[in-house]
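Undergrad: give me a 3D structure for the following:
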Amino acid sequence: MTDDKSATQGPSDQDLQDLIAENDTGARQPTGMTARILLYVAVAWSLFQLWLASPLPYIFSFGVFNSTEARSIHLAFAVFLAFLAYPAFKNSPRSYIPVLDWVLAAAGAFCALYIYIFYRELSSRPGLPITQDLVVAGAGLALLLEATRRALGPPLMIVAMVFLAYVFFGNAPWVPDVLQWAGASFSKAMSHQWITTEGVFGIALGVSTSFVFLFVLFGSLLDKAGAGNYFIKVAFAALGHMRGGPAKAAVLASAMTGLISGSSIANVVTTGTFTIPLMKRVGFSGEKAGAVEVASSVNGQIMPPVMGAAAFLMVEYVGIPYPEVIKHAFLPATISYIALIYIVHLEALKANMKGLPKRHTSTVQQVLIRSLLFVLTLVILAGAIYYAISFQKQIFGNAVGWIVAVECAVVYFAGLYYAAKYPDLELDDPNKPVLELPALGETAKSGLHYLLPVVVLVWFLMIELKSPGLSAFWATVLMLFIMLTQRPVKAFFRKQPDYMASVKEGIVDVIDGFATGARNMIGIGVATAAAGIIVGTVSLTGIGQVMVEFVELISGGNLMLILVFTAIISLILGMGLPTTANYIVVSSLMAPVIVELGAANGLIVPLIAVHLFVFYFGIMADVTPPVGLASFAAAAVSGADPMKTGFVAFFYSMRTAALPFLFLFNTQLLMIGLDHPLDVVMVIVVSTIAMLVFAAGTMGYFFTRSKLWESAALLLIAFTLFRPGFWLDLIEPPYENLPATEIVEKAADMPANTSILLDVEGINLEGDEVTKSVMLPLGPEASGEDRLYNAGIAVRTEDGKVFIDDLVFGGPAEKAGLDFDFEITAIKIEADRMPKEVFFIPAFIVLGGIIVLQRRRRRAEAA
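TA: Predicted coordinates for the structure are as follows:
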């Protein structure tokens, strides 16, 4: 199949590189001394971040920075590079940097460094800013907003300016009554936003400084080393021969690239340059080819371990360890990718597409056997590594680190010896009329050494439970070693004489990786700082509570409408924002809405479920017209209409939009509440089947084209498999109420580290009547009074009624919105009911019936 010339050729490589540059690294590419300064500053930023994360400052007692000082220097680099790397306007010069931009860059860097330079003076006058402080703060905010506009476009700048305006004019008559607040003086606002760590220099910028930079740098080095190309080639070798193979390979390649990428746009362009033309070659339209790439690339932002840097922010905002965040986020992201591959498969079946030619063909049975053997090999290898290192720890003690380092070196050189037997991977030209897929075995073996730093990263994070920053540091150190040595070692094994040229290429790659990693961080650095303005506004004005009241007003208190409106507002707030800023905004404003209004309506779920809910809908803005930036990037590659591409991509992403609603009501999808390994296996298997059935229902195709009632039945089956508790709740109530007078005895009897669910009512300090359900943690086993106090309350009984007599300041009860003299009307305990999994039986029976009917119909159509 051939395309017309323009569609086949598409945009030039330079156009695509410019597209990435405009969104990620900066479109300005000066020459001469200016280019060297830009390079030196970017490399210096990377070296500073490596020094900050390393143990060296503490070993040498030199260059130790506290978190506030580090954030100040981090932002200074980001703002300085933003003015140098990003032109002010589309017609601004690209080949040199105007004098005004140098002035703005220096001024912005000074304002950011102000906290570091005058740290002692500022700490001696907390809350009492002088005129100099206010001038620097005001100028710093203005320059930060301009740097944000240049690096990220107008959306985040406009949102931040609206929030700043709300700080000053929240009591203006044109502000709706439901949103009004008293307003703040310039002195109070500037001090809060710039001089303290409540605003710009808050948690978000701290996470960017401590964790995010190193992961972005690691991803950049991994890509420069050749791993990005390796991932794409392996994906195509594995899946390219199947029906619609290039599209399936695009999904897998984007998933692997998403592991190390913090940008959905860069993911679209990097993998899409190769995948989109090939998808069009086998029969996908331009819109569908672009939509597949968009859906798979944006999904990379929900895929652990990086999740577009949001995973590290969740650690701070939710207050749970990083491995827990990864555990909860893994299953929804994985089944979402599996469903996308299945959607592509169904599209290929509907259009009777073929795959790309392959050197060696295999039967379905051979493919399944090889896949099973591959998975078993990985499991056995992972277990062997775990127990081998545990055994060595017992023998060698603290010296085990050096032993394992030597073992990693042996594995690395063995991998290079293996890779040297095969030619280095080069990206095929997707526009060639004939393309033969490489053999999977040879392709996979040629780059196995790239997996070693990823294994080290995951090991430190998940097994050793080191901090994300330290884990990324050691993985980056290993990555630097690989970049400097892989070419010379391969040349040695291949008996090629010119080693020095190989060494120089490695050094150039490292410097390029440092510079690219730093320039990729410009947008994230200024985004986290600008989003800090929004967080500061929330903490200063209490607008979070205002959003709760606003959503409650427009939803009428209906739970499903509350969730729908929260999802829509999160989608709107996320438009045009990078992933990191996106999560900061939606979690600050919308997560409290679900926590408070959900609890008042009986929906009490772990905080991580709420944050993942708003995060999923925030990143959907990258897909959804009219602002979907990833859709516009894919359309630029495919030559299709960006709006049509966006709508098709949103249709493909419906499974991602449905998942948050499902895991709010069934937290087992987040691996919560699973006590036995068999429970884990059942949830994984059933949820995967449910997602595939949901995809088939939405696509109108299963084994053959579905009738309308079959699609409806498939959607109902998927809903039942995802949330069987819905049907059980209709038959038996989930909770039974106990008298509130039994609260002390019940608190004493409950197992350790569980929570107690209470119905409460009362009048708060604002005079509003409150009726809600709250879940309070009881902590370890103790007396009933002590466990209730651990939950933040002391109670008294009057005339057979139980009231809150005392409230622990800052305790769980106060954070849940309880107040003095609230009445506890009932204790809710889980009812003794039949297992909800009973409803899987009729669901699978109906599913089996549809499969039989469709297979018969397909055979009849074939005959």
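Undergrad: could you measure from the closest residue to Trp194 other than its chain neighbours over to Ala82?
TA: Once flanking residues are discounted, Trp194 sits nearest to Ala137: 3.6 Å by C-beta to C-beta, 6 or more residues apart in numbering. In short, each C-beta sits where N, CA and C put it, glycine included. According to C-beta to C-beta, to the nearest Å, Ala137 stands 19 Å off from Ala82.
Undergrad: just checking, what packs against the lengthiest helix in the chain?
TA: The longest helix of the chain (DSSP state H) is helix 499-541. On a contact count with 3 or more C-beta pairs under 8 Å, 6 or more residues apart in numbering; DSSP states H and E, helix 499-541 meets helix 32-53, helix 67-85, helix 131-152, helix 154-169, helix 203-207, helix 213-225, helix 468-493, helix 579-589.
Undergrad: and after the first one, which helix or strand comes next?
TA: In the C-terminal direction, the helix or strand that comes right after helix 32-53 (DSSP states H and E) is helix 56-60.
Undergrad: list the buried residues in stretch 66-85.
TA: Buried residues in stretch 66-85, counting neighbours by 16 or more other C-beta atoms under 10 Å, are found at 68-85.
Undergrad: then stretch 454-466?
TA: Buried residues in stretch 454-466, defined by neighbour count with 16+ other C-beta under 10 Å: 454-462, 466.
Undergrad: picking up where we left off before, from what I see, the residue nearest to Trp194 and Lys188 are in contact.
TA: No: using C-beta atoms under 8 Å, Ala137 makes no contact with Lys188, being 11.1 Å away.
Undergrad: higher neighbour count, these two?
TA: Counted by other C-beta atoms under 10 Å, Ala137 and Lys188 do not tie: Ala137 has more neighbours, with 25 against 14.
Undergrad: how close does that one sit to Val623?
TA: Distance, Ala137 to Val623, by C-beta to C-beta: 37 Å.
Undergrad: repeat that for Gly183.
TA: Counting by C-beta to C-beta, the gap from Gly183 to Val623 is 38 Å.
Undergrad: neighbour count winner among those two?
TA: Neighbour totals were compared for Gly183 and Val623, and Val623 leads with 31 against 16 (other C-beta under 10 Å).
Undergrad: contacting residues around the more buried one?
TA: Taking C-beta atoms under 8 Å, 6 or more residues apart in numbering as the criterion, Val623 is in contact with 294-295, 298, 630-631, 646, 649-650, 653.
Undergrad: now Val294
TA: For Val294, the contacting residues are 264, 268, 622-623, 628, 630-631, 633-634, 645-646, 649, 652, by C-beta under 8 Å, 6+ apart.
Undergrad: could you do Ile533 as well?
TA: Ile533 sits in contact with 141, 144, 160, 163-164, 193, 199-200, where contact means C-beta under 8 Å, 6+ apart.
Undergrad: what's the closest of these to Leu425?
TA: Sorting the contacts of Ile533 by distance to Leu425 puts Leu144 at the head of the list, at 41.7 Å, by C-beta to C-beta.
Undergrad: so that closest one is in contact with Val526, correct?
TA: Yes: using C-beta under 8 Å, Leu144 is in contact with Val526, at 6.6 Å.
Undergrad: these two - which one has more neighbours?
TA: Between Leu144 and Val526, counted using other C-beta under 10 Å, the more crowded position is Val526 (32 against 27).
Undergrad: tell me the contacts of that one?
TA: Val526 makes contact with 75, 78-79, 82, 144, 147-148, 151-152, according to C-beta under 8 Å, 6+ apart.
Undergrad: mind splitting the protein into its structural domains?
TA: Listed domain ranges for the chain are 5-205, 736-830 (source: automatic domain parsing).
Undergrad: just send the ones you listed back as a markdown table, with distance to Phe703 and mean pLDDT too.
TA: Shown next, in a markdown table, are those (distance: least, C-beta to C-beta, whole Å; pLDDT from 0 to 100):
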| stretch | distance to Phe703 | mean pLDDT |
| --- | --- | --- |
| domain 5-205 | 33 | 85 |
| domain 736-830 | 40 | 85 |
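Undergrad: ok, and what's touching the host helix or strand of Leu758?
TA: Using DSSP H and E, the element containing Leu758 is strand 754-763. Strand 754-763 is contacted by residues 604, 735, 737, 740, 743, 746-747, 750, 769-778, 791, 804, 818-819, 821-829 when judged by C-beta under 8 Å, 6+ apart.
Undergrad: so Ser502 sits right up against Arg494, yeah?
TA: No: with contacts defined as C-beta under 8 Å, Ser502 does not count as touching Arg494, sitting 10.3 Å away.
Undergrad: more neighbours: which of these two?
TA: Shown here are Ser502 and Arg494; by other C-beta under 10 Å, Ser502 has more neighbours (18 against 10).
Undergrad: which residues are in contact with both of Leu144 and Val526?
TA: 75, 79.
Undergrad: identify whichever of the helices and strands packed on helix 499-541 lies nearest to Ala309.
TA: Here helix 579-589 is closest among these (C-beta to C-beta), at 4.6 Å.
Undergrad: between that closest one and helix 499-541, how many degrees?
TA: Interaxial angle, helix 579-589 versus helix 499-541 (axes from the mean of the first three to the mean of the last three C-alpha atoms, to 10 degrees): 20 degrees.
Undergrad: other SSEs contacting helix 579-589?
TA: helix 310-318, helix 499-541, helix 543-555, helix 559-573, helix 607-619.
Undergrad: just give me how far the second one sits from the chain centre.
TA: So that's helix 499-541. Put simply, helix 499-541 sits 17 Å off its chain's centre (C-alpha atoms, centre = their mean, to the nearest Å).
Undergrad: tell me the angle of it relative to helix 468-493?
TA: Going by the same axes, to 10 degrees, helix 499-541 makes 170 degrees with helix 468-493.
Undergrad: give me the angle between helix 499-541 and helix 213-225.
TA: Using the same axes, to 10 degrees: helix 499-541 against helix 213-225 is 150 degrees.
Undergrad: ditto for the fourth one
TA: Using the same axes, to 10 degrees, the interaxial angle of helix 559-573 with respect to helix 213-225 works out to 60 degrees.
Undergrad: quick check: mean pLDDT across helix 559-573?
TA: Helix 559-573 shows a mean pLDDT of 85.
Undergrad: what's next to it, contact-wise?
TA: Outside helix 559-573, the residues touching it (C-beta under 8 Å, 6+ apart) are 159, 547, 551-552, 554-555, 582, 585-586, 589-590, 593-594, 597-598, 601-603, 613-614, 617-618, 620-621, 624, 657, 660-661, 664.
Undergrad: and those residues, which are buried?
TA: 159, 547, 551-552, 555, 582, 585-586, 589-590, 593-594, 597-598, 601, 603, 613-614, 617-618, 620-621, 624, 657, 660-661, 664.
Undergrad: low-confidence ranges in the stretch 501-650 of the chain?
TA: 600, 602, 626-627 (pLDDT under 70).
Undergrad: got TSV for the buried residues of stretch 454-466, with pLDDT and distance to Val64 too?
TA: Shown next, in TSV, are the buried residues of stretch 454-466 (pLDDT from 0 to 100; distance: C-beta to C-beta, whole Å):
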residue	pLDDT	distance to Val64
Val454	84	30
Val455	85	31
Val456	87	26
Leu457	84	25
Val458	81	29
Trp459	84	27
Phe460	85	22
Leu461	80	24
Met462	77	28
Lys466	82	19
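Undergrad: just those residues: which are in strands?
TA: Using DSSP state E, no member of the buried residues of stretch 454-466 sits in strands.
Undergrad: kindly indicate which of those residues lies nearest Lys280.
TA: The nearest member of the buried residues of stretch 454-466 to Lys280, counting by C-beta to C-beta, is Val454 at 31.6 Å.
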